Each structure stands twice: as structure tokens, then as C-alpha cells.
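> everything below, folded, please.
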Amino acid sequence: MTLSDFASGSFVPGRPRTRRGVLGAALAATLAGMAAPAIAQAPWPQRPITLIVSQSAGASPDVFARLLSEKLNGVLNQAVIVENKPGAGNAIGAQAAARSAPDGYTFFFATSAALTMNPFLMKNLPYDPLKDFVPVALLTRSHQVLVAHPDFSAKNLQDLIEVVRKEPNKYSIAIDGPRNLSGVIVRILKSKAGLDIVEVPYNNIPASVQDVVSGRLPVGMFSLSVVEGQVRGGAMKVLASGSAGGIASMPNVEPIAKLYPGFDYLGWFMLMAPAGTPEPIVNEMHRALARVLGDPAIQAAAPKLGFELDPRGLASREDSLAFLKRQLGLWQETTTALGLKPE
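Below you'll find the model as predicted:
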């Protein structure tokens, strides 16, 4: 008699052990051993997946996220549902995603602001971008562009600098807020170029876009995803881009870094999973995204929404994490240099 006899239930006191009994116990043990892994390795997903978007419904990030979800439906053979949770500078959506069960059924369509700006600009942030999430993949970039009314005399950044220097404080520039992405970029540019241009912050982005289109304000700094339609339609012209690498779909637009080396600011979106989500699931989602982003429909739609996909394909999980850490370092340096403190 052994301990396994008790564990299998094959030993009964006072009953002789027969060959049939031994073989039956062995078969039962084998089947039990086969069943356990089968249950543990049930294929994912088994039910609908939620994709939390911290932007309002109808905004360009929401539209792109919904395109992704539609394609993921087919790849994963399961519904992927977009859930909008806007507000508090993306913090509401980020917090909801961070507190979700790490079971592979909730993901966060994260903005650069949620992951790299908020940690240095918001007090008592209810989540940590590195501790509460794991990157699935860097999805797309959303360039920041310096734009002007078509009739404004400047054709590029150098022209703008010369025009403004001739008449300091005469001209105004639309931004999305002094502590938001475009506002911070403009402050850095003003510091480097010595520009005396008046910042006009807007809570309502469409209103700021309309003021530049109408000529009420001559220039503005916007995400390309917000003004791509106006630029394509000729209602605005692009003077420069905030990202050092330029814009693939606008090769004639020079980056600010051409005049000020090292200037490299842009928006981007990364899919994140709550920390603790099983590695196999995160890897499976990464593979699904690689297929989806290679879809011709997504490839065609992205630039029309002002988003740029990496022509080399989807970044690896390791490269995405390294990118996130570099961006956190950049924003720590930037907010320190500008004297911006959490509020």
C-alpha cells in the first residue's frame, strides 16, 4: 500500500487488490491527469472583450479604436466592444482599466497623455503606468502639427519666427491648454526660439480649430488627427511637425527639430493590459493586432484619421515597453525644465 492508493481511492481496507482494480485505478489517474491541463488551457477568448477608450465617442481616437475592434472581431472570433470613459484628462478611463480584472477581457486603448504626461502633471494619480499595466503594443503615432490659416504670410516655421519677431505679442496661437500636449509643445518652442506669441487655450478643441480656419487666430498647434480633414481640404496649411522624424504622409513638412535639434514631441496610442494578465493572452492579443494593423482597410483609414502606422509593422512588446520608458523620461525632463508641477 502506498500514499497513491489513498489518493486514487483504489485501496479499500479488507479488500484484496486485483489486477483489474490496479489497472482501473491507473487508467482513472491517467484520465484525471489529462483532463486538468485541458481545463486550464481552454482557448481564449471565451466571451466578449472590452476595449476602454478614454476619449469621447466620435473623436478620431474613438473612430480608430472602433475600426480596430471590428477587425479584431474577425481575427479573435469574439466580439470586441469599445467602451468610452472620457474625462479628467484620460484619468477616468485609465483608472477603470487599471482596476479591471486581469483576465484578458479588458484592455486599454491608452493615450500618450494618460501614460506619460499625467504622472508628472496630476496629483494623486489613481494609477501607475508601469506598475498597473503591461504594454501589449505601440499601435500608432499621432503627430502634433503647427498650422496656420491659408492666408497667413508664413510658409514654414522659419517664416513664422521672423514674422513674430518683427511684431512681438501681436500674434496669437491656439492650444488645447497650458498643461496639455499642444500647450507644452508651444511653451518649449517659445523658449527655444525666443518667441513672443500669445497662447490662447481652449477647452473646446473644435472651437479652436474653427477659429484658425476662420482666420480669427492665425496659427494653432493641434494633433494631426484633429485637423487632418481641414489640412487635406485646404482650410489650413502645415508649417512644421513636432516629431523629429517628420510625417510620412507629408514629406514636404519639415520638423521643428530641423531648426532645434532634439525637439521631438508627438502623441501616440498604445494598447495596454491590466498588470497580471496572463502572458499567453497578452501575446495572443499582440499577434491578433499584428494581423489587424496589416489589413488594407486599416492601412488606408489610418492616415485619413491623422494616424501613422509603423511601416516596419507592429512593434514588439519589448520595444513598446522601451518606448514607453523613454517617453516617461522625456516628460520628466520637460516638465522639470518648464517648472510644471502636479496639480
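
> output the longest strand seen in the chain as PDB, restricted to C-alpha atoms.
For the chain, the longest strand by residue count, based on DSSP state E, is strand 133-142. Output of strand 133-142 as PDB, limited to C-alpha atoms (Å, rounded to 0.1, in the frame of the first residue of the first chain):
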ATOM      1  CA  PHE A 133      -0.300  47.900 -16.800                       C
ATOM      2  CA  VAL A 134       1.700  45.800 -19.200                       C
ATOM      3  CA  PRO A 135       2.100  47.000 -22.800                       C
ATOM      4  CA  VAL A 136       0.600  44.900 -25.500                       C
ATOM      5  CA  ALA A 137       1.800  47.000 -28.400                       C
ATOM      6  CA  LEU A 138       2.500  50.600 -29.600                       C
ATOM      7  CA  LEU A 139      -0.300  51.000 -32.100                       C
ATOM      8  CA  THR A 140       0.100  54.300 -33.900                       C
ATOM      9  CA  ARG A 141       1.500  57.800 -33.700                       C
ATOM     10  CA  SER A 142      -0.500  61.000 -33.900                       C
END
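
> buried residues in stretch 69-79?
Of the residues in stretch 69-79, S69, K71, L72, N73, V75, L76, Q78 count as buried by neighbour count, 16 or more other Cβ atoms under 10 Å. (Glycine included, C-beta is placed from N, CA and C.)

> next one: stretch 234-254
Of the residues in stretch 234-254, 235-244, 246-247, 249-250, 253-254 count as buried by neighbour count, 16+ other Cβ under 10 Å.

> separation between the one residue sitting closest to the centre of the chain and L314?
In the chain, the C-alpha closest to the average C-alpha coordinate belongs to F269, at a distance of 1.9 Å (Cα atoms, centre = their mean). Remark: distance between F269 and L314 (Cβ to Cβ, to the nearest Å) = 12 Å.

> could you do Q95 as well?
According to Cβ to Cβ, Q95 stands 27 Å off from L314.

> so for the two, which sits in the more crowded spot?
The neighbour count for Q95 versus L314, taken as other Cβ atoms under 10 Å, is higher for L314 (23 against 20).

> correct me, but that one touches R291?
No - L314 is beyond contact range of R291, at 9.1 Å (criterion: Cβ atoms under 8 Å).

> remind me what the host helix or strand of F108 packs against, helices and strands.
For F108, the host element (DSSP states H and E) is strand 106-111. Where contact means 3 or more Cβ pairs under 8 Å, 6 or more residues apart in numbering; DSSP states H and E, strand 106-111 is packed against strand 49-53, helix 60-76, helix 91-98, strand 133-142, strand 267-274.

> now it, how far from the chain's geometric center?
Relative to its chain's centre, strand 106-111 lies at 7 Å (Cα atoms, centre = their mean, to the nearest Å).

> what residues does the following helix or strand past it touch?
The element immediately downstream of strand 106-111 (helix or strand, assigned by DSSP H and E) is helix 112. With contacts defined as Cβ atoms under 8 Å, 6 or more residues apart in numbering, helix 112 is touched by S142, L181, L266, G267, W268, F269, M270, Q327.

> ok, now which ones touch the fourth one?
Spelled out, that is G267. G267 makes contacts with T111, S112, A113, R141, S142, H143, Q144, L181, S223, S225, as judged by Cβ under 8 Å, 6+ apart.

> now render those as CSV, adding pLDDT, distance to G276 and neighbour count.
CSV is the format used below for these (pLDDT from 0 to 100; distance: Cβ to Cβ, whole Å; neighbours: other Cβ atoms under 10 Å):
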residue, pLDDT, distance to G276, neighbour count
T111, 96, 22, 24
S112, 96, 24, 21
A113, 95, 24, 20
R141, 95, 28, 22
S142, 93, 29, 26
H143, 95, 34, 28
Q144, 96, 34, 23
L181, 94, 30, 25
S223, 94, 32, 23
S225, 91, 31, 26
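
> from the residues you listed, which single one is nearest K123?
A113 (15.7 Å; Cβ to Cβ).

> my read: that closest one touches N90, true?
Yes - counting by Cβ under 8 Å, A113 does reach N90; the two are 5.4 Å apart.

> which residues does V145 contact?
221-224, 227, 231, 238-242, 247, 253.

> could you rerun that using 10 Å?
Contacts for V145 (Cβ atoms under 10 Å, 6 or more residues apart in numbering) come out as 182, 220-228, 231, 236-243, 247, 250, 253, 266, 306.

> again with A57
If you count contacts by Cβ under 10 Å, 6+ apart, then A57 has V63, R66, V82, E83, N84, P86 around it.

> ok, so of these, who is nearest V136?
Closest to V136, out of all of these and judged by Cβ to Cβ, is V82, at 15.8 Å.

> distance of the closest one from P178?
V82 is 30 Å from P178, by Cβ to Cβ.

> thanks a lot, see you next time.
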